[in-house]
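> Have a look at this fold, sequence not included:
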């Protein structure tokens, strides 16, 4: 069945260009377009698209406002097309908070070096969101709500000294949900790995830090690991664990340009597996693909504790599904349960 796409952008030229690219893919069909956010909300109700591509800056109602209204009226997967600048990063993160599924650069040249590959990546992402995601209704996550019905699951009996959390699509909101549950005196350092471009991670770290009681910062070269601090891997770089138990620090490395992901969860977990695997809790959250699975398998073989997010609470059940199917997950948990169990760790 053909995926129905609604294009939202105030530039007639960009709408035409995007329509040509999408309609050239036999899996996809542009069924309508809108020039502003208000028109977009109306078109979603009228045409019921499978995916919406959304601009950020538009007259009458911007992309963030449009996403909020769409999520309230008829939740639909929304792919934000944004500029990869600091201002664009902040606005895109606001859109993800509002319920957008994912984002890609509006300059397709930033997706790949050649036009054909860039167009293919765009179409693949649209098709994936239509067939694998479930849209989030608009929520403002500050603290996870209490859920008395959630069964109490015993905390880990192993001695944990480090927590590593890896995620991709849906990760910004998921990390917000989990980390906002942790107290300021959380007893362990945390390494955060989120697939995200270099211009986005400083704003994302700043945003998380303002929303959580623990300290959250973008990781820098030779950062020593300290309890109660979460270190977000810089976009466009690989993050490696160095040192020895009791004297751990981080190394930021560009890694090969051919790497599929920078940061790559598997690369970081490989470095952790060489130093303190049995003392590390590895958590794989929502995301497409299988990054983190190979590294988690190596960690599991060396005695690590592995948690995976459950399907029901995942925006994209790809990365955690890979871990679950590999049979290495010690626990499969909702976001709220992950936060509660982390808080119980001592």
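That came in fine, so what should we check first? These figures come from a predicted structure and were not determined experimentally.

> Can you check my assumption that residue 260 lies in a strand?
No - secondary structure of residue 260 (DSSP: H, G, I helix; E, B strand; the rest coil): coil, not part of a strand.

> ok, it to residue 32 distance?
Separation of residue 260 from residue 32 (Cβ to Cβ, to the nearest Å) stands at 34 Å. Any C-beta I mention is one placed from the backbone N, CA and C, and that applies to glycine too.

> Which of these two has more residues huddled nearby?
residue 32 (18 against 9; other Cβ atoms under 10 Å).

> I'd guess that one is in a helix, am I close?
No - going by three-state DSSP, the assignment for residue 32 is strand, not a helix.

> My guess is it contacts residue 47. True?
Yes - judged on Cβ atoms under 8 Å, residue 32 makes contact with residue 47 at a distance of 4.8 Å.

> Overlap of the contact sets of those two?
residue 6 (Cβ atoms under 8 Å, 6 or more residues apart in numbering).

> What's the local residue count around residue 186?
22.

> same check, this time on residue 248
Residue 248: 20 neighbours (other Cβ under 10 Å).

> ok, now which ones touch it?
162, 189, 224, 225, 241, 242, 275, 276.

> try 10 Å
Shown in contact with residue 248 (Cβ atoms under 10 Å, 6 or more residues apart in numbering): 161-162, 189, 191, 223-226, 241-242, 272, 275-276.

> Mark which of the residues you listed are part of helices, please.
Counted as lying in helices by DSSP state H, out of the contacts of residue 248, are residue 272.

> Could you pick out the buried ones from the contacts of residue 248?
When the contacts of residue 248 are checked for burial by 16 or more other Cβ atoms under 10 Å, the buried set is 161, 162, 189, 191, 223, 225, 241, 272, 275, 276.

> max-length helix in this protein?
Secondary structure of the chain read by DSSP H shows that its longest helix is helix 115-132.

> mind listing what's buried in that one?
Quick answer for helix 115-132 (16+ other Cβ under 10 Å): 118, 119, 122, 123, 125, 126, 127, 128, 129, 130, 132.

> That one - contacts with which helices or strands?
Secondary-structure packing of helix 115-132 (3 or more Cβ pairs under 10 Å, 6 or more residues apart in numbering; DSSP states H and E): strand 3-8, helix 12-23, strand 28-34, strand 51-54, strand 78-82, strand 102-105.

> Poorly predicted segments of the stretch 1-150 of the chain, please.
Scanning the stretch 1-150 of the chain with the threshold set as pLDDT under 70 gives 134-150.

> And the helices in this protein?
Counting by DSSP H, the helices of the chain are 12-23, 37-47, 63-73, 86-98, 115-132, 171-179, 201-211, 265-273, 293-301, 319-325, 335-344.

> sorry, back to before: now, among the contacts of residue 248, which is nearest to residue 52?
Nearest to residue 52 among the contacts of residue 248: residue 191, at 33.8 Å, using Cβ to Cβ.

> residue contacts, the closest residue to the closest one other than its chain neighbours?
Closest residue in space to residue 191, ignoring its immediate chain neighbours: residue 164 at 4.6 Å, by Cβ to Cβ, 6 or more residues apart in numbering. Residues in contact with residue 164 (Cβ under 10 Å, 6+ apart) are 189-193, 239, 241, 265, 268-269, 272, 280-284, 292, 295-296, 299, 304.

> Need the buried ones from the residues you listed selected in PyMOL.
With 16+ other Cβ under 10 Å as the criterion, this PyMOL line picks the buried residues out of these:
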select buried, resi 189+190+191+192+193+239+241+265+268+269+272+280+281+282+283+284+292+295+296+299+304
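
> My guess is residue 215 contacts residue 209. True?
Yes - assessed by Cβ atoms under 10 Å, residue 215 is found in contact with residue 209 at 6.4 Å.

> Give me the common contacts of the two.
Contacts common to residue 215 and residue 209, judged by Cβ under 10 Å, 6+ apart, are residue 230.

> What is the neighbour count of residue 104?
Neighbour tally, residue 104, other Cβ under 10 Å: 21.

> how far away is it from residue 238?
22 Å.

> Same check on residue 117?
Where residue 238 is concerned, residue 117 sits at a distance of 22 Å (Cβ to Cβ).

> so who does the residue nearest to residue 193 when sequence neighbours are not counted touch?
Nearest residue to residue 193, sequence neighbours excluded (Cβ to Cβ, 6+ apart): residue 166, at 4.3 Å. Residue 166 makes contacts with 191-195, 233, 261, 263-266, 268-269, 282-285, 287, 291-293, 295-296, 319-320, 323, as judged by Cβ under 10 Å, 6+ apart.

> and the gap between the nearest residue to residue 313 once chain neighbours are set aside and residue 178?
With Cβ to Cβ, 6+ apart as the criterion, residue 313 has its nearest non-adjacent residue at 4.4 Å, and that residue is residue 334. Distance, residue 334 to residue 178, by Cβ to Cβ: 10 Å.

> With residue 219 instead?
For residue 219 relative to residue 178 (Cβ to Cβ), the value is 18 Å.

> what about these two, which has more around it?
residue 178 (27 against 24).

> in the protein, which residue is closest to the centre?
Centroid-nearest residue in the chain, with Cα atoms, centre = their mean: residue 171, separated by 2.5 Å.

> Wait, it touches residue 204, no?
Yes - using Cβ under 10 Å, residue 171 makes contact with residue 204 at a distance of 9.4 Å.

> list the residues that contact both of those two?
96, 192, 194, 196.

> what residues are up against the nearest residue to the third one once chain neighbours are set aside?
Once its chain neighbours are removed from consideration, residue 194 has its nearest residue in residue 171; the separation is 4.8 Å (Cβ to Cβ, 6+ apart). Taking Cβ under 10 Å, 6+ apart as the contact definition, residue 171 lies against 96, 102, 165, 192-196, 204, 285-287, 315-316, 319.

> I'm done for today, thanks for sticking with me.
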